[in-house]
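**Student:** sequence and predicted structure below; questions after.
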Amino acid sequence: MLLNAIIIVLRETLEAGVLISVLLSVARHQQLARGAVVQGLLLGVAGAMIYAVNLQTVSEWFDYAGQEVINAAMQYLIYACLLLVCLSIGRAPLLPGLALQRLLRLVVMLAVIREGAEILLFYSSYWHRSDVLLRVLTSGFMGLMIGFSVGALCYYTLINLPLMWAGRVQRVVLTFMAAGMVAQATQLLLQVDWLPGGAPLWDMSAWLPESSLLGELAYATLGYEAAPTPVEVGLYLGALLLIPVAYTIARKWRTGTLLHD
Amino acid sequence: MAKQVLLVLGVWLAGTAVAQAAPVVELEIRNHLFYPAELVVPANTKVKLLVINHDATPEEFESYELNREKVIMGNSKAVIFIGPLSPGEYPFFGEFNMNTAQGKVIAQ
């Protein structure tokens, strides 16, 4: 049970942790108030509590597809936000600083709501079991700290990059994470039959099992799926390519080269 | 444009109609155990899994092999579509009670 609590909290913290650390490094490089990220975190925790308390009701929406539909909607929204963030890092930023700051707050909040709600629900089973509660809480804290350490490692790696590389690396990392969100959301909609399922295109579980630590990390950062269906692969690739394409168009447009052509 | 919207809606409704035709298989959770622990489902067919949690505590149905993950609140039910699966065994577990809540789907 001890290990169980570590794994659950770690899995949920890993993804949010890496995303938050990248966004923190963006805030730092763009000279934005990093308080916005902290605010997003706090709003996310509050949102997670509200979501966890109401999950029973939410689950019954849309003929028992509510949980997936709401989670998928949040993840598609995170994708849209990260797309805008990517377009705002670089020489011709799309959004001014203040708007970008608000966007970072929103993304962090959304990312924490879903992952946080799951952790809270796990703990709700132990709330009245004083015999094991302390053990489960300390184990969870360990998981949280491991997730936090991975996030910190990402953050310090990113802020120590040469400035000319930082924006590019942040964009690439955020693009993969954003496409990963689309992959996860798509899988949720497959699970409630809102999108057509099908036989997997390939199966890589023998090489990189999703349950391994590396697999979990790949899932959290790239949306790794060992045996994806055609719809997942299609939407993932579309989501992945849209960001660099939009970035190129936006940059041309912002720098006025399109007007001169 | 209106035609296209209608077409998309039509395809979506047709998809939903097919979904309703998917065979339903029931899975129950009691005392952090799955009943039945082995679910036999038809291969190459989409199946609607109806999970009923009789425990007061929430459980998370999770399977790497089936690519599924869903929280099922205490004393409530949930729907999860799986497949179409090629013949074989697909383990699943309750993430909140991994030590006891174990099972597998057998597609044949």
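**Tutor:** Received the coordinates, thanks.
**Student:** residue contacts, B:F92?
**Tutor:** B:34, B:61-63, B:65-66, B:68, B:102-105 (Cβ atoms under 8 Å, 6 or more residues apart in numbering or on different chains). (Glycine included, C-beta is placed from N, CA and C.)
**Student:** at 6 Å instead, please
**Tutor:** B:63, B:103 (Cβ atoms under 6 Å, 6 or more residues apart in numbering or on different chains).
**Student:** cool, the one 5 residues further on as well?
**Tutor:** The contact partners of B:N97, by Cβ under 6 Å, 6+ apart, come to B:H32.
**Student:** burial check on residue 31, number of neighbours?
**Tutor:** Picked chain A for this. Counted with other Cβ atoms under 10 Å in any protein chain shown, residues neighbouring A:Q31 total 8.
**Student:** that's the other chain; I wanted chain B
**Tutor:** Neighbours around B:N31, by other Cβ under 10 Å: 10.
**Student:** quickly note the distance from it to A:G180.
**Tutor:** B:N31 sits 36 Å away from A:G180, going by Cβ to Cβ, to the nearest Å.
**Student:** Three-state assignment for the residue nearest the centre of chain B, please.
**Tutor:** Most central in chain B under Cα atoms, centre = their mean is B:I80, positioned 3.0 Å from the mean C-alpha point. Under DSSP: H, G, I helix; E, B strand; the rest coil, B:I80 falls in the strand class.
**Student:** for it, which non-adjacent residue is spatially closest?
**Tutor:** B:L49 (4.4 Å; Cβ to Cβ, 6 or more residues apart in numbering or on different chains).
**Student:** need the three-state assignment for that neighbour.
**Tutor:** Assignment for B:L49 (three-state DSSP): strand.
**Student:** and it, how far from B:K70?
**Tutor:** Taken as Cβ to Cβ, the span from B:L49 to B:K70 is 10 Å.
**Student:** the nearest residue to B:Q102 once chain neighbours are set aside is in what secondary structure piece?
**Tutor:** Closest residue to B:Q102 apart from its sequence neighbours, by Cβ to Cβ, 6+ apart: B:F93 at 5.1 Å. B:F93 is located in strand B:88-94, with elements delineated by DSSP states H and E.
**Student:** give me the distance from that strand to the chain's centre.
**Tutor:** A distance of 11 Å separates the C-alpha centroid of strand B:88-94 from that of its chain, computed with Cα atoms, centre = their mean, to the nearest Å.
**Student:** dihedrals phi and psi, the nearest residue to B:S86 once chain neighbours are set aside?
**Tutor:** Closest residue to B:S86 apart from its sequence neighbours, by Cβ to Cβ, 6+ apart: B:A43 at 6.2 Å. Backbone dihedrals for B:A43, given as degrees, to the nearest 10, come out at phi -80, psi 160.
**Student:** how many neighbours does B:A43 have?
**Tutor:** 14.
**Student:** correct me if wrong: it contacts B:V105.
**Tutor:** No: with contact defined as Cβ atoms under 6 Å, B:A43 does not count as touching B:V105 (10.4 Å).
**Student:** so after the worst-scoring helix or strand of chain B on mean pLDDT, what's the next helix or strand?
**Tutor:** Lowest on mean pLDDT, DSSP states H and E among the helices and strands of chain B sits helix B:2-21, with a mean of 57. Next helix or strand after helix B:2-21 toward the C-terminus (DSSP H and E): strand B:24-30.
**Student:** elements contacting that next one?
**Tutor:** strand B:47-53 (3 or more Cβ pairs under 6 Å, 6 or more residues apart in numbering or on different chains; DSSP states H and E).
**Student:** for chain A, what helix or strand is lowest in average pLDDT?
**Tutor:** helix A:257-260 (a mean of 54).
**Student:** near chain B, anything from the helix or strand where A:L43 lies?
**Tutor:** A:L43 belongs to helix A:35-64 when elements are defined using DSSP H and E. Yes: using Cβ under 6 Å from any Cβ of the partner chain, helix A:35-64 reaches chain B at A:56, A:64.
**Student:** thank you, goodbye.
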